[in-house]
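In: Fold the following and give me the result.
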Amino acid sequence: MIRFQCDYAEGAHPLILQKMAETNEEQTVGYGNDPYCERARKKIRTLCDAPEADVHFLVGGTQTNFTVIRSILRPHQGAVAANTGHINVHETGAVEATGHKVLPLPSEDGKITADQVREYYEAHWQDADHEHMVQPGMVYISHPTENGTLYSKEELKALYEVCQELGLPLFLDGARLGYGVMSEASELGLADIAAFTDVFYIGGTKVGALFGEAVVITNPALKKDFRYLIKQSGGMLAKGRLLGIQFDVLFTDDLYFRISDHADRLAMRLKEAFVKKGYALRYDSYTNQQFPILPDEHLEKLKEKYSFGFWERMDASRCVVRFCTSWATKEEAVEELIRDIEVL
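Out: Prediction:
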C-alpha cells in the first residue's frame, strides 16, 4: 500500500534522528531551558525578523491550539474561526473542553476575511442581548487552511489591521506552515507572518519532525505567564531538549524549507495529472494537499494500491478525496500514481 493519506505517516527526517542519537547521553536541564532549545529559538527569531519574540516548544498541534487559545481568552469569550477550521471540525471539541466556544464563520475555501470579522464583531455588540452571548475574543486562522488554500499578503494584512482595530488578537495555526511558505503561489514568508499576527506556530509534526510545534508570540501582551499555561495544559515536556534538537536541525541549512518544497513540487505533479485526466478539483490548492473529485468506480480502483482520505461526497456518483504528499514522499511513488491515474 502506497500512502497519500496524510503528511505525518513517516517518522522523522534522518538528520533529526542522527542528531538525537548523537546527543542521547548528554545531560541537560529540562523543560526547554537547554542549549538546543535556545539555539533553535535564536534561529526562529532571526528567520521571523522578530528579535523580541517569545518562542515556546509544544508537542502537538491540538495541544498547541487549545493552549494558545485558552491563554488569550477570558472565560466568557470565544475564538472566531472559519467553519472549516481545524479547531472547529477536527479537534474533538478540545477548545470547548477548555471552556471556550468556537465561533464559526461561513467559508467556501477555508479562509475568512477582514470584512467577515468586522461584521461578526459589530453584530455581537449591536445586539441588545450581547451580554447573554459568547463574546468574540480573538480570531483563529490557519495557513495553509484545511483545504490547502493560502492567504495572500494583502488578505492577512487586512485581517490583522481589523483585529488590531477591534482589539482581537490574531492567531495563525501553522501546522503545515512550511508547505504554505514554500508553495509556488505563496506571498508570505515567516517574517510577513510574524509581522501580521499576534501569535502563530511553526509546525514540525507534519514537516519532518517526530513531533513538535514552535509557538512564536510577537504581541507583548500575550507573553506573560505563557509557560504556566503550557505546564497546566500538559504541554511542558520534561525532556524539552528533544523538541529543541528537532527545530535546531530543521532550521539548519534551510532543511525545513527544502523538504517542504519537495512535498509541494510532488503535489503539483499530482494536481497536473488529475487536471489532465479531466477531473475537477474541489479547491485550487497549491500546497501539499490536493482535492480531486473522482467517480466512485475510479476511487475503488485506486484503493487497491493507494491510501488516501475521504473528504466529502460531491453527488451520487462522485466523491472529493484528499491526496497528501509529505517531506518524505518518494518521487517514484508519485510517478506510479500518475501512471495509474492516466489509465483510469
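In: can you give me the strands in the chain?
Out: Remark: strands assigned in the chain by DSSP state E are 2-3, 54-58, 77-82, 102-105, 135-142, 170-173, 199-203, 213-217, 289-290, 293-295, 306-307, 309-313, 318-324.
In: would JSON lines of these with distance to residue 96, mean neighbour count and mean pLDDT be doable?
Out: All C-beta atoms are positioned from the backbone trio N, CA, C, and that covers glycine. Listed next are the strands of the chain as JSON lines, based on distance: least, CB to CB, whole Å; neighbours: other CB atoms under 10 Å; pLDDT from 0 to 100:
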{"stretch": "strand 2-3", "distance to residue 96": "31", "mean neighbour count": "14", "mean pLDDT": "96"}
{"stretch": "strand 54-58", "distance to residue 96": "19", "mean neighbour count": "25", "mean pLDDT": "98"}
{"stretch": "strand 77-82", "distance to residue 96": "9", "mean neighbour count": "25", "mean pLDDT": "98"}
{"stretch": "strand 102-105", "distance to residue 96": "7", "mean neighbour count": "20", "mean pLDDT": "98"}
{"stretch": "strand 135-142", "distance to residue 96": "13", "mean neighbour count": "24", "mean pLDDT": "98"}
{"stretch": "strand 170-173", "distance to residue 96": "16", "mean neighbour count": "26", "mean pLDDT": "98"}
{"stretch": "strand 199-203", "distance to residue 96": "20", "mean neighbour count": "26", "mean pLDDT": "98"}
{"stretch": "strand 213-217", "distance to residue 96": "21", "mean neighbour count": "27", "mean pLDDT": "98"}
{"stretch": "strand 289-290", "distance to residue 96": "26", "mean neighbour count": "26", "mean pLDDT": "98"}
{"stretch": "strand 293-295", "distance to residue 96": "32", "mean neighbour count": "18", "mean pLDDT": "97"}
{"stretch": "strand 306-307", "distance to residue 96": "31", "mean neighbour count": "16", "mean pLDDT": "96"}
{"stretch": "strand 309-313", "distance to residue 96": "23", "mean neighbour count": "13", "mean pLDDT": "95"}
{"stretch": "strand 318-324", "distance to residue 96": "25", "mean neighbour count": "22", "mean pLDDT": "97"}
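In: nearest to residue 123, of these?
Out: Residue 123 lies closest, by CB to CB, to one member of the strands of the chain: strand 135-142, at 9.6 Å.
In: List the strands paired with that closest one, with their directions.
Out: Looking at strand 135-142 with DSSP bridges, its partner strands are strand 77-82 (parallel), strand 170-173 (parallel).
In: Find the residue closest to residue 202 in space, skipping its chain neighbours.
Out: Of all residues not flanking residue 202 in the chain, residue 214 sits nearest, at 4.3 Å (CB to CB, 6 or more residues apart in numbering).
In: State the pLDDT value of the most centrally placed residue in the chain.
Out: Closest residue to the average C-alpha location of the chain: residue 175 at 2.4 Å, with CA atoms, centre = their mean. At residue 175, the predicted lDDT confidence score is 98.
In: follow-up on the earlier one: please tabulate the strands paired with strand 135-142 in TSV and include distance to residue 183 as additional columns.
Out: Shown next, in TSV, are the strands paired with strand 135-142 (distance: least, CB to CB, whole Å):
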stretch	distance to residue 183
strand 77-82	19
strand 170-173	15
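In: is it true that residue 259 touches residue 206?
Out: No: using CB atoms under 8 Å, residue 259 makes no contact with residue 206, being 10.9 Å away.
In: Counting neighbours, what do you get for residue 45?
Out: Neighbourhood size, residue 45 [other CB atoms under 10 Å]: 17.
In: Same question for the one 5 residues further on.
Out: Residue 50: 19 surrounding residues under other CB under 10 Å.
In: Could you check how far the closest residue to it other than its chain neighbours is from residue 200?
Out: With CB to CB, 6+ apart as the criterion, residue 50 has its nearest non-adjacent residue at 4.4 Å, and that residue is residue 194. To residue 200, residue 194 is 7 Å away according to CB to CB, to the nearest Å.
In: and if you look at residue 338?
Out: Counting by CB to CB, the gap from residue 338 to residue 200 is 34 Å.
In: Tell me which of the strands paired with strand 135-142 lies nearest to residue 162.
Out: Taking CB to CB, strand 170-173 is the member of these nearest to residue 162, at 8.9 Å.
In: low pLDDT regions in the stretch 151-300 of the chain?
Out: For the stretch 151-300 of the chain, no stretch has pLDDT under 70.
In: could you show me where the helices are in it, in order?
Out: Ranges of helices within the stretch 151-300 of the chain are 153-166, 177-181, 190-195, 226-232, 241-250, 255-277, 296-302, based on DSSP state H, counting those that start in this stretch.
In: out of the ones you listed, which comes closest to residue 289?
Out: helix 255-277 (7.1 Å).
In: buried stuff in that closest one?
Out: For helix 255-277, the neighbour count (16 or more other CB atoms under 10 Å) marks 255-257, 259-271, 273-274 as buried.
In: Any idea how far apart the tips of stretch 205-225 sit?
Out: 25 Å (CA to CA, to the nearest Å).
In: Run the chain-centre distance for that stretch.
Out: Distance, stretch centre to chain centre, for stretch 205-225: 11 Å (CA atoms, centre = their mean, to the nearest Å).
In: and if you look at stretch 1-11?
Out: Centroid separation between stretch 1-11 and its chain, computed with CA atoms, centre = their mean, is 17 Å.
In: Fine by me, we can end here.
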